[in-house]
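>>> structure of the sequence below:
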Amino acid sequence: MTTLILLAAGLLQLCAGNQEPPPLPDRIAVVGAGIGGSAVTYFLQQQFGPQVQIDVYEADRVGGRLATLTVNNQQYESGSPSIHSLNLHMQDFVKLLGLKQRREVAGRSAIYNGDQLVLEETDWYLLNLFRLWWHYGISFLRLQMWVEEAMEKFMRIYKYQAHEYAFSSTEELLRSLGGEHFVNMTQKSVAESLLGIGVSQRFIDDVISAVVKANYGQSVAIPALVGAMSLAGAQGNMWAVEGGNKLVCSGLLKLSKANVLHAKVTAISPHTSEKNPLYEVHYDQEGARGSELYNLVIVAAPLHKSGYQISFSNFQPPIQAPVHSYHRVVTSIVHGYLNASYFGFPDPKLFPFTSVLSTDSPDSIFHSLENLCPINVSVGFRRKPPQEAAVWRVLSPRPLDRRELKTLFKSYYSVQVIEWQAFPSYGSSGSSRPLPPIILHDGVYYLSGVEWAATSVEMSSVAAKNVALLAFNRWFERTGKIDQQDLLHKLKTEL
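The predicted structure is shown next:
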């Protein structure tokens, strides 16, 4: 009897070994050509191989929120200006594409509370630490330890992805990095979390609120994980791409040999097929309507009420599109003379700061203002002294009127205004809403929902890699590579 059982088991293993793997997908559609869409296109090409055709639909411009504009014959970043040094995917992209990191030009920052400067950075590191201690005690040390712990756990994702592990939901991804604590950081506000570890209310009001306003235009009621990402960037170690951050997006699409279609996707629906399920992507292109069939569809554009709306029709069960509200941020690129007296410096020559952040004060008309460097920084480049006209990037909750511009600037040559639906509107408190799903249907994935956990170039790159791995592992039924528990211990054991 034992012999028969062993023989039967051997025959089953032989039959299983002879099963042919499913064929590769013929065509994949990616909706959106920002950093998420461009990165997922590259990662999909890496996973499935060059023989798979990838069509990328972009209704506006390649690069999305990584954008530039021209002032006085020079180009400047108008979108995301910098990238954190811990973003390993972006570092890899820059090397892969033969790009260079832009030369850093030092500058000093200050925080303004609507009435006066409450914190001023100096050129001396030890003096800056002393000032922080003098004003806020050890709150800044507790903050630093909290941010470093969060980032250390977040960095585990690169090791998981190097071994081709993927996660079917953002909650599972976060749980693999830091357990339930990391998931809870999407439900609890950054203010509540920091108060819980002994950070003073004054430090939160003066410093944390200013950093959060400068990054997201919102209050310290944003989720703790969003806040941790934002505060990690505020501690320095930031860089940018020489020639513009958007070069990463166009470079990845070119490297992937993707077919970029300048068209707006309006609907996605299932298509009856005797083989693998297909999806029909409907689009508008220069006033004409069309549709194409795909094996897989990746939605890498944020689905929000006032922006990219896609209808998902004829799905069973119906797809409930995760449409949320996004927060409006206004960027004004001003070429002019800063009014230094507004910040308490009657003589502009004595104004030493290249950026000013505003606390969450009802009296403040801006979130932040920054003296910009062009996207190409030559060896001999120097910042304009404060008494000369410079290019400033002003973030504000609404377009600045003439009176407000005259308040911030003595005079100006030009003002260019960009209104962004830039970030999720996180709400007035730690929200209990579930995070948007990644898997919308068997072969339809939503990448941009990760922004509700944390939004940054780094998170978009990580989410892109996760979606590419998830689609690949599910296509070839590699269940052992999806939603595995205790991965950190498992990888240590394997190594």
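>>> now do the contacts for the closest residue to residue 209 other than its chain neighbours.
Leaving aside its chain neighbours, residue 209 sits nearest to residue 360 (4.1 Å; criterion: C-beta to C-beta, 6 or more residues apart in numbering). C-beta coordinates here come from the backbone N, C-alpha and C atoms, glycine included. Applying C-beta atoms under 8 Å, 6 or more residues apart in numbering, we find residue 360 in contact with 205, 209-210, 212-213, 219-220.
>>> let me know the closest of those residues to residue 474.
Residue 474 has its nearest neighbour among the contacts of residue 360 in residue 212, at 36.6 Å by C-beta to C-beta.
>>> ok, that closest one - how many residues close by?
28 (other C-beta atoms under 10 Å).
>>> likewise the one 5 residues further on?
As a burial measure, the neighbour count of residue 217 was computed by other C-beta under 10 Å and equals 20.
>>> wasn't residue 423 part of a strand?
Yes: checked against DSSP: H, G, I helix; E, B strand; the rest coil, residue 423 lies within a strand.
>>> wait, it sits on residue 327?
Yes: look at residue 423 against residue 327 with C-beta atoms under 8 Å: they come within range, at 5.2 Å.
>>> helix or strand for residue 379, which one?
Under the criterion DSSP states H and E, no helix or strand holds residue 379.
>>> got the contact list for it?
residue 103 are the contacts of residue 379 under C-beta under 8 Å, 6+ apart.
>>> how much space between it and residue 103?
8 Å (C-beta to C-beta, to the nearest Å).
>>> before we move on, what about residue 111?
From residue 111 over to residue 103 (counting by C-beta to C-beta), the distance is 26 Å.
>>> next up, phi/psi of residue 440, please.
Phi and psi for residue 440, reported as degrees, to the nearest 10, are phi -90, psi -30.
>>> any stretches of the chain with poor pLDDT?
1-19, 234-236, 273-275, 305-308, 323, 427-433, 494-495 (pLDDT under 70).
>>> which helix in it runs the most residues?
Counting residues, the longest helix found in the chain (DSSP state H) is helix 457-475.
>>> so residue 229 touches residue 458, yeah?
Yes: under the criterion of C-beta under 8 Å, residue 229 makes contact with residue 458 at 7.2 Å.
>>> can you map out the helices along the stretch 51-200 of the chain?
88-96, 125-136, 139-154, 156-162, 170-184, 190-196 (DSSP state H, counting those that start in this stretch).
>>> columns mean neighbour count and distance to residue 287 on top of those helices, output as JSON lines?
Output for the helices of the stretch 51-200 of the chain, formatted as JSON lines (neighbours: other C-beta atoms under 10 Å; distance: least, C-beta to C-beta, whole Å):
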{"stretch": "helix 88-96", "mean neighbour count": "18", "distance to residue 287": "35"}
{"stretch": "helix 125-136", "mean neighbour count": "13", "distance to residue 287": "57"}
{"stretch": "helix 139-154", "mean neighbour count": "18", "distance to residue 287": "44"}
{"stretch": "helix 156-162", "mean neighbour count": "17", "distance to residue 287": "41"}
{"stretch": "helix 170-184", "mean neighbour count": "19", "distance to residue 287": "37"}
{"stretch": "helix 190-196", "mean neighbour count": "20", "distance to residue 287": "45"}
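>>> turn these into a markdown table, columns for distance to residue 353.
Output for the helices of the stretch 51-200 of the chain, formatted as a markdown table (distance: least, C-beta to C-beta, whole Å):
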| stretch | distance to residue 353 |
| --- | --- |
| helix 88-96 | 28 |
| helix 125-136 | 13 |
| helix 139-154 | 19 |
| helix 156-162 | 35 |
| helix 170-184 | 36 |
| helix 190-196 | 25 |
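>>> understood, closing this out.
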